[in-house]
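1. Here is a sequence with its predicted model. Questions after.
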Amino acid sequence: MLGMFCNWFTPEKTIAIATCVYAFVTIVMFFAIRSQANAAHLQADKIGDQLNEMKITGERTKEMIGVMRDTAKKELRAYVTIIVGDAVFQEREKNIKFQGIPAILNSGRTPAYKVSYKIRGDILPVPLPEDFEFSPFRKGTPGQNILGPQQTLKLMQGGLIDNFMPDQDVDGIKNVSIGKGLYVWGVVSYEDIFGDPHETEFCQNLLWLWDGKIFGIYTPGHNKAS
């Protein structure tokens, strides 16, 4: 029996069987490797998707941080506006000319730094022509003032007109009944707490009410702020 078994396993048959076994093992290993490769590919795709999601999330987070920063700056920065302050009418015997004295108000929540301004006053037509050109400013003030939150500052320099007006026109200028009135205009420059520069341009027509109080009209098209 053993002899018959040994006689059956000839070298040729042994090689053929070994070849079949090798081929079978190779096929099994191929499918195993391909399965592992597919799993690795799926894992790589999953990691890639996660990285893309992380990138998108990072970009969105960056955008949100930028929006929050801009919102915080807008909420916390100084806002300098020009309000109607005071005015002086002409009294020639006292050597007093018409003068507009506006005031600036920091309506923001933090101080305004390096506050400077240029203003000028004059007797001009009421209303102003659409193509009216204002006279150049005189020398402005140095920008070293600090204006705290909710603080005001009267602009005492620069709003004085150049010349005396005819005495008979004084009352008509005060109540603009002669088609002329006192104007004061200018620009205020400052920096906020974040170091960003800003400007506020203004133009007011000032008149006196019957009780002596000052009333101001913001001239359309000549008031803007940054």
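-> Received the coordinates, thanks. Residues are numbered from 1 along each chain as shown.
2. Next one: residue 32, what pLDDT does it get?
-> Residue 32 carries a pLDDT value of 63.
3. no wait, residue 41
-> pLDDT, residue 41: 65.
4. Next, the buried residues of whichever strand or helix holds residue 115.
-> Assigned by DSSP states H and E, residue 115 falls within strand 112-125. When burial is assessed from 16 or more other Cβ atoms under 10 Å, strand 112-125 yields the following buried residues: 112-113, 115, 117-124. No exception for glycine: its C-beta is placed from N, CA and C like everyone else's.
5. Against which helices or strands is that strand packed?
-> Applying 3 or more Cβ pairs under 8 Å, 6 or more residues apart in numbering; DSSP states H and E, one finds that strand 112-125 contacts strand 99-106, strand 145-147, strand 180-191.
6. Redo the ones you listed as TSV? Include mean neighbour count, mean pLDDT and distance to residue 170.
-> Formatted as TSV, those follow (neighbours: other Cβ atoms under 10 Å; pLDDT from 0 to 100; distance: least, Cβ to Cβ, whole Å):
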stretch	mean neighbour count	mean pLDDT	distance to residue 170
strand 99-106	22	95	13
strand 145-147	17	90	33
strand 180-191	23	95	10
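7. Out of these, which is closest to residue 158?
-> The minimum distance between residue 158 and those falls on strand 180-191, with 6.8 Å, by Cβ to Cβ.
8. And the contacts of the following helix or strand past that closest one?
-> On the C-terminal side of strand 180-191, the nearest following helix or strand under DSSP H and E is strand 197-208. With Cβ atoms under 8 Å, 6 or more residues apart in numbering as the test, strand 197-208 has contacts from 78, 80-82, 84, 87, 89, 100, 102, 104, 126, 134, 174-176, 181-192, 214-219, 222-226.
9. Only the buried residues of the helix or strand following strand 197-208, if you could.
-> Per DSSP H and E, the first helix or strand lying C-terminal to strand 197-208 is strand 214-218. Buried residues in strand 214-218, defined by neighbour count with 16+ other Cβ under 10 Å: 214, 216-217.
10. Tell me where the model's unsure across the protein.
-> 1-26, 28-42, 44, 48, 58, 61-62, 64-69, 139-143 (pLDDT under 70).
11. repeat that with 50
-> By pLDDT under 50, the weakly predicted segments of the chain are 2, 5.
12. May I see the buried residues of strand 112-125 arranged in CSV, with distance to residue 72 as well?
-> Formatted as CSV, the buried residues of strand 112-125 follow (distance: Cβ to Cβ, whole Å):
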residue, distance to residue 72
112, 17
113, 18
115, 22
117, 27
118, 31
119, 32
120, 37
121, 39
122, 41
123, 45
124, 42
